[in-house]
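A.B. asks: Any chance you could fold what I've pasted below:
(one chain, ligands or ions: 1)
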Amino acid sequence: MTKVEDVHEDEMRVNAEQARQVAEQARESRWDRESFGKELFLGRLRIDLIDPLPAGEISVEGEAFLERLRVFCETKVDGQKIERDAWIPDEVINGLKDLGAFGIKIPRAYGGLGLPAVYYHRALMLVGTANPSIGALLSAHQSIGVPQPVKMFGTEQQKQEFLPRCVREITAFLLTEPDVGSDPARLATRAVPNSDGSSYTLNGVKLWTTNGVLADLLVVMARVPESEGHRGGITAFVVEADAEGITVENRNTFLGLRGIENGVTRLHDVVVPATNRIGREGDGLKIALKTLNTGRLSLPALCTAASKWSLRIAREWSSQRVQWGRPIGEHEAIAGKISFIAATTFALEAVLDVSGRLADADRHDIRIEAALAKLFSTELSWQVVDELVQIRGGRGYETAESLAARGERGVPAEQMLRDMRINRIFEGSSEIMRLLIAREAVDAHLSVAGDIIDPKADLQHKARAAARAGAFYARWLPSLLTGKGQVPSGFGEHGPLAEHLRFVERASRRLARQIFYGMSRWQGRLEHRQLFLGRIVDIGAELYAMSASCVYARSDAQDDSAIELADAFCNQSRRRVEHLFGRLWRNTDADDRVLARQVLENRHQWLEEGVLDASIDGPWIAEAQPGPSQRQNHRRIVSG
Ligand SMILES: Cc1cc2nc3c(=O)[nH]c(=O)nc-3n(C[C@H](O)[C@H](O)[C@H](O)COP(=O)(O)OP(=O)(O)OC[C@H]3O[C@@H](n4cnc5c(N)ncnc54)[C@H](O)[C@@H]3O)c2cc1C
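C.D. replies: Numbers count the residues shown, from 1 in each chain. Coordinates of the predicted model:
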């Protein structure tokens, strides 16, 4: 195995710098519209940006569609069969197509249902509870697949050509490669323009392409080399899945989501017309990130669905299972879990609803809110489902099939746990989400103090930056000392929830101060203090969830029950926030860095002895094989 010292230090630094540059270029640097999340990290609780909530559009067609979808899921989808066969049957896929479920957000002008995002989320919640693999199928197609980037960035001709097809055809998004996970700077797939600029030739291997095994159309991210007339860079292309030179080499199987058709897709000299390029050369990652601004809400929808489902199972089981003379739900240890599941489920729904309505209203910049929603929902729903498994005891660990075989209700709690685990990894792992959000959280500081902390900036630039920063902080810092959160009547219009919003307001100012202290202490090295930044972001996520809960509890037709749940969530969330604040400066981070380095340097290798040799033969990452290989489209082979 390669030792850490063996990796050339300079090379590591250059690679890290390149990765940062690519991420920075992909980032939307402008803030043209107001942002609740940005203000929150600056110490300003702009509750007016989410309260009153934008009126959710009530669509008669949307309600009718959801009703048809519900009936379909209840009568035509056997979630356990999908789990058993590791396969979503053709009848289910075709039935979903007939219902319009592949074109929920595609405008009617192009043959779709043209529904707002909140209906898309509600649809995902229905199919996700039938079987989460169906949720993954629909969201890989509609959140990151062809329709959304074409709708947002395509030319009219591309919209006319592809959107009607996307209503009935399946699409996939191909970014990841064997050597490219969280770090697109290493992207190796090439798109070389031909001499007259009319087409590109694509070569590369794409890993873990959800829907890749059965897709009709693909969005492929490939690097165009810089050359005369070509600005080059990572670029997005729509590619026909059956184009000459495309092979699907493996159907990957996972811990969960057994029904998804996820492949390794090889592109060998695939010729793609230039008219299939989405946006400009070099805009691929920006397009992917912007698409994800709203696309990221599909995972929160699936997480909310899993939590609602967990709440129901937890309630029914805990009131019926009697141990030690009482229903287990009456034992305090289990009651605590039920309370956590109920309060968290409410918050997940609130975050989804608020973020979804903000997305539909399209008035504000919601990149931070959507990212916070993704991070918060995937982390918290994982804990919810884990607690459900604990509440179910041994039955939580037993498969639904086994339970049913011995005459008990086939509750797939263990499957839900397995299916939910990936949410913390894909569409931005939690670690990457924290970095991404932290970058936005410190943006104000970087934009005023950037040159002060840039080792490459000359003295003149540093002096100018210092003057700019001085002016900014002279106004900003005093504003963090007092606020509405300290006024006993502050947020009075929120009734019993006002005290929580006062807490959020105070915590937001405290958070901004901590970011400032972090900036002052570490300056340009702050980006390496990932654990510090992670806690900053986690606090922000809790504050957003509390704000959303308070606003959602009082919206539309909510009643006292919603106020009680919001109150319970805020009380739980406040404890987590206090804990996170406490750990900002009192932690074992420095010790952990030392220990991790020692581990990587094999100092404690003796600790691994006494068990069977864990090393399994084979390379960590498969070498890309040159040339084409046999097409093995699993789906085609089976269907004939
Ligand atoms: C079931 C499934 C479906 C998928 N579907 C698709 C799809 O449809 N299309 C597609 O393109 N991809 C897809 N992916 C790929 C998925 O998006 C990646 O797995 C994800 O981006 C993480 O990349 P990686 O697995 O290579 O992990 P790596 O990037 O190698 O990361 C490994 C670990 O290190 C952490 N890490 C990495 N960089 C940093 C850093 N700078 N700082 C701190 N921590 C860091 C990560 O968070 C992670 O914990 C899918 C994956 C799976 C398993």
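
A.B. asks: A helix includes F237, no?
C.D. replies: No - going by DSSP: H, G, I helix; E, B strand; the rest coil, the assignment for F237 is strand, not a helix.

A.B. asks: if I look at it, how far off is R521?
C.D. replies: For F237, the distance to R521 equals 44 Å [C-beta to C-beta, to the nearest Å]. (Glycine included, C-beta is placed from N, CA and C.)

A.B. asks: neighbour-wise, which of the two wins?
C.D. replies: Higher neighbour count among F237 and R521: F237, with 24 against 12, using other C-beta atoms under 10 Å.

A.B. asks: Tell me who's in contact with that one.
C.D. replies: Taking C-beta atoms under 8 Å, 6 or more residues apart in numbering, we find F237 in contact with A191, Y200, L202, V219, V220, A222, V272, N276, R277, I278.

A.B. asks: contacting residues for T201?
C.D. replies: Taking C-beta under 8 Å, 6+ apart, we find T201 in contact with A191, V192, N194, D269, V270, V271, V272.

A.B. asks: give me phi/psi at it?
C.D. replies: With angles defined as degrees, to the nearest 10, T201 shows backbone torsions of phi -110, psi 120.

A.B. asks: and if you look at the one 5 residues further on?
C.D. replies: Torsion angles at K206 (phi, psi; degrees, to the nearest 10) stand at phi -110, psi 130.

A.B. asks: Can you report how many residues lie near it?
C.D. replies: Neighbours of K206 under the rule other C-beta under 10 Å: 26.

A.B. asks: near the ligand, which residues of this structure show up?
C.D. replies: When proximity is defined as C-beta under 6 Å from any ligand atom, the chain approaches the ligand at 140, 172-176, 181-182, 208-210, 254, 257, 262, 422, 425-426, 429, 431-432, 435, 530.

A.B. asks: filter those to the buried ones?
C.D. replies: Buried members of these, counted by 16 or more other C-beta atoms under 10 Å: 140, 172-176, 181, 208-210, 257, 262, 422, 426, 432, 435.

A.B. asks: wait, doesn't Q390 sit right on I338?
C.D. replies: No - counting by C-beta atoms under 8 Å, Q390 does not reach I338; the two are 11.1 Å apart.

A.B. asks: With neighbour numbers in mind, choose between those two.
C.D. replies: Of the pair Q390 and I338, I338 is the one with more neighbours under other C-beta under 10 Å, namely 20 against 15.

A.B. asks: Please report how far the closest residue to the ligand within the chain lies from A140.
C.D. replies: Nearest residue of the chain to the ligand: G181, at 1.8 Å (C-beta to the nearest ligand atom). Distance, G181 to A140, using C-beta to C-beta: 17 Å.

A.B. asks: which residue sits closest to A370, ignoring its sequence neighbours?
C.D. replies: Of all residues not flanking A370 in the chain, R296 sits nearest, at 4.6 Å (C-beta to C-beta, 6 or more residues apart in numbering).

A.B. asks: Next, count neighbours for the one you found.
C.D. replies: By the criterion of other C-beta under 10 Å, R296 has 28 neighbours.

A.B. asks: going forward, begin numbering at 53 instead of 1
C.D. replies: All set: I'll call the first residue 53, so the last point we hit is now R348.

A.B. asks: I'd like the list of the contacts of F289 that fall within strands, please.
C.D. replies: A243, Y252, L254, V271, V272, A274, V324, R329, I330 (DSSP state E).

A.B. asks: I'd guessed the third one sits against A274; true?
C.D. replies: This points to L254. Yes - in terms of C-beta under 8 Å, L254 counts as a neighbour of A274; the distance is 5.3 Å.

A.B. asks: who touches both of the two?
C.D. replies: With C-beta under 8 Å, 6+ apart as the test, L254 and A274 both reach T241, R242, A243, F289, L319.

A.B. asks: residues contacting the second one?
C.D. replies: Pointing back at R242 there. Contacts for R242 (C-beta under 8 Å, 6+ apart) come out as L254, N255, G256, A274, R275, V276, P277.

A.B. asks: Apply 10 Å and report the result again.
C.D. replies: Y252, T253, L254, N255, G256, A274, R275, V276, P277, L319 (C-beta atoms under 10 Å, 6 or more residues apart in numbering).

A.B. asks: got the buried residues for the helix or strand I615 falls within?
C.D. replies: Taking DSSP states H and E as the criterion, I615 maps to helix 612-637. With burial defined by 16+ other C-beta under 10 Å, the residues of helix 612-637 counted as buried are 614-615, 617-622, 624-626, 629, 632-633, 636.

A.B. asks: Check stretch 365-376 too.
C.D. replies: For stretch 365-376, by 16+ other C-beta under 10 Å, it's I365, A366, W369, S370, R373.

A.B. asks: and if you look at stretch 228-244?
C.D. replies: For stretch 228-244, the neighbour count (16+ other C-beta under 10 Å) marks T228, E229, P230, V232, G233, D235, P236, A237, L239, T241, A243, V244 as buried.

A.B. asks: Over to stretch 378-388?
C.D. replies: Within stretch 378-388, the residues that count as buried by 16+ other C-beta under 10 Å are I380, G381, I386.

A.B. asks: Walk me through the domains of this structure.
C.D. replies: 89-100+490-644, 112-218, 223-343+680-686, 344-478 (automatic domain parsing).

A.B. asks: Identify whichever of those domains lies nearest to Q657.
C.D. replies: Among those, domain 89-100+490-644 comes nearest to Q657, with 18.5 Å by C-beta to C-beta.

A.B. asks: What average pLDDT does that closest one get?
C.D. replies: Averaging pLDDT along domain 89-100+490-644 gives 92.

A.B. asks: How about stretch 174-189?
C.D. replies: The average pLDDT within stretch 174-189 is 98.

A.B. asks: And that stretch, how far out from the chain middle?
C.D. replies: Taking the mean of its C-alpha atoms, stretch 174-189 sits 16 Å from the chain's own mean (C-alpha atoms, centre = their mean, to the nearest Å).

A.B. asks: for it, how far is the first residue from the last?
C.D. replies: Using C-alpha to C-alpha, to the nearest Å, one end of stretch 174-189 lies 15 Å from the other.

A.B. asks: Do a quick rundown of the strands in this protein.
C.D. replies: Counting by DSSP E, the strands of the chain are 223-226, 242-245, 251-262, 269-276, 285-292, 298-304, 314-325, 329-330, 374-375, 378-379.

A.B. asks: Make CSV out of the ones you listed and add mean pLDDT.
C.D. replies: Shown next, in CSV, are these (pLDDT from 0 to 100):
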stretch, mean pLDDT
strand 223-226, 96
strand 242-245, 97
strand 251-262, 97
strand 269-276, 97
strand 285-292, 97
strand 298-304, 94
strand 314-325, 97
strand 329-330, 98
strand 374-375, 97
strand 378-379, 98
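
A.B. asks: Return the most buried member of the ones you listed.
C.D. replies: Of the strands of the chain, the one with the most neighbours on average (mean count of other C-beta atoms under 10 Å) is strand 223-226, at a mean of 28.

A.B. asks: Tell me which strands that one pairs with, and in which orientation.
C.D. replies: In the sheet, strand 223-226 lines up against strand 269-276 (parallel) (DSSP bridges).

A.B. asks: Report the separation between the two terminal residues of stretch 196-213.
C.D. replies: 18 Å.

A.B. asks: Could you pull out the buried residues of it?
C.D. replies: The neighbour-count check on stretch 196-213 (16+ other C-beta under 10 Å) flags 196-203, 205-206, 210-211, 213 as buried.

A.B. asks: With stretch 521-538 instead?
C.D. replies: Residues of stretch 521-538 classed as buried: A521, W528, L532, G535, G537 (neighbour count, 16+ other C-beta under 10 Å).

A.B. asks: Surely the fourth one is in contact with L553?
C.D. replies: No - with contacts defined as C-beta atoms under 10 Å, G535 does not count as touching L553, sitting 11.2 Å away.
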